[in-house]
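Student: let me see the structure of the following:
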Amino acid sequence: MTRTESPAPARTERPPMLGSLGYLLMNLPLGIFWFSLLVTLIAVSAGTAIIWVGLATGAFTVLLWRGAATIERARAHAMLGSHIPEPYRELPDDRQSVRWKARLRDTATWKDLGYLLVLLPAGIVEFVLMVTAWSTSLALLGLPIYYRFLPSGAYHFPTYEPDHAWFTVDSVATALPFAAAGVLALLLAIALTRALGAAHARFALGMLGRAA
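Tutor: A predicted model of the protein is given here:
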């Protein structure tokens, strides 16, 4: 009697901060790429299905997005520490038409497509939040160092015209309160990065993993 190994269970762990930051920043360019490519291929396939060329293009598109979903599972595991087992049903040992029907009836195939399309709007939100949080915290934290290299050797907020500025940073002493705020902002950026990484890991597990 042969013993079959049960697949490793799906799990999401507390993601590392740097891995989460890199992952979240990558989601926007990847979302743009997959959304543009898949929408174009699906439109071409639908438009040319009547002359059979679209069937071949459509089959290629399905295999492409399933392959892309496999890459996304690997990326989530490598960068977020989230293990997402492949959710696909076993294809029948039959002719290709039957195998393709089973592939298209598998809900995991369509959840893969949904994830790749939603990656664009999710990536926009995540990219904006990460860039805003980290640029703000690092700018405040480094103000005691770089204020002297700004025009007029001082930082004026909210305008560079000293006469209309609400406050001016022109010495280390005046910059220290902002650096202290930068430390707090940095801690918040780290917490936000971890929280967004964990939230996206759960989303990926729900869309790319096995149905409960």
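
Student: who are the packing partners of the worst-scoring helix or strand of the chain on mean pLDDT?
Tutor: Ranked by mean pLDDT, DSSP states H and E, the weakest helix or strand in the chain is strand 155-157, scoring a mean of 71. Here strand 155-157 touches strand 167-169, going by 3 or more C-beta pairs under 8 Å, 6 or more residues apart in numbering; DSSP states H and E. In this view, the C-beta of every residue, glycine as well, is placed from N, C-alpha and C.

Student: who does the strand it packs on pair up with?
Tutor: strand 155-157 (antiparallel) (DSSP bridges).

Student: check which residues of the least confident helix or strand of the chain are buried.
Tutor: Residues 155-156 are the ones in strand 155-157 that count as buried (16 or more other C-beta atoms under 10 Å).

Student: now what about that strand, what contacts it?
Tutor: Contact with strand 155-157 is made by 143, 147, 162, 165-170, 175, as judged by C-beta atoms under 8 Å, 6 or more residues apart in numbering.

Student: by pLDDT, give me the weakest of these.
Tutor: The pLDDT minimum for the contacts of strand 155-157 sits at P162, where the score is 64.

Student: select only the buried ones of the contacts of strand 155-157 in PyMOL?
Tutor: Buried residues among the contacts of strand 155-157 (16+ other C-beta under 10 Å), as a PyMOL selection:
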select buried, resi 143+147+169+170+175
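
Student: tell me the one of the contacts of strand 155-157 nearest L208?
Tutor: L143 (42.0 Å; C-beta to C-beta).

Student: how close does the closest one sit to G182?
Tutor: Computed with C-beta to C-beta, to the nearest Å, the distance linking L143 and G182 is 7 Å.

Student: ditto for A78
Tutor: From A78 over to G182 the distance is 31 Å, taken as C-beta to C-beta.

Student: the more surrounded of those two?
Tutor: Using other C-beta atoms under 10 Å, the more surrounded residue of A78 and G182 is G182, with 21 against 12.

Student: which SSE is the residue nearest to S82 when sequence neighbours are not counted in?
Tutor: Distances taken as C-beta to C-beta, 6 or more residues apart in numbering put A201 closest to S82, at 4.1 Å, once the chain neighbours are dropped. Assessed by DSSP states H and E, A201 sits inside helix 172-208.
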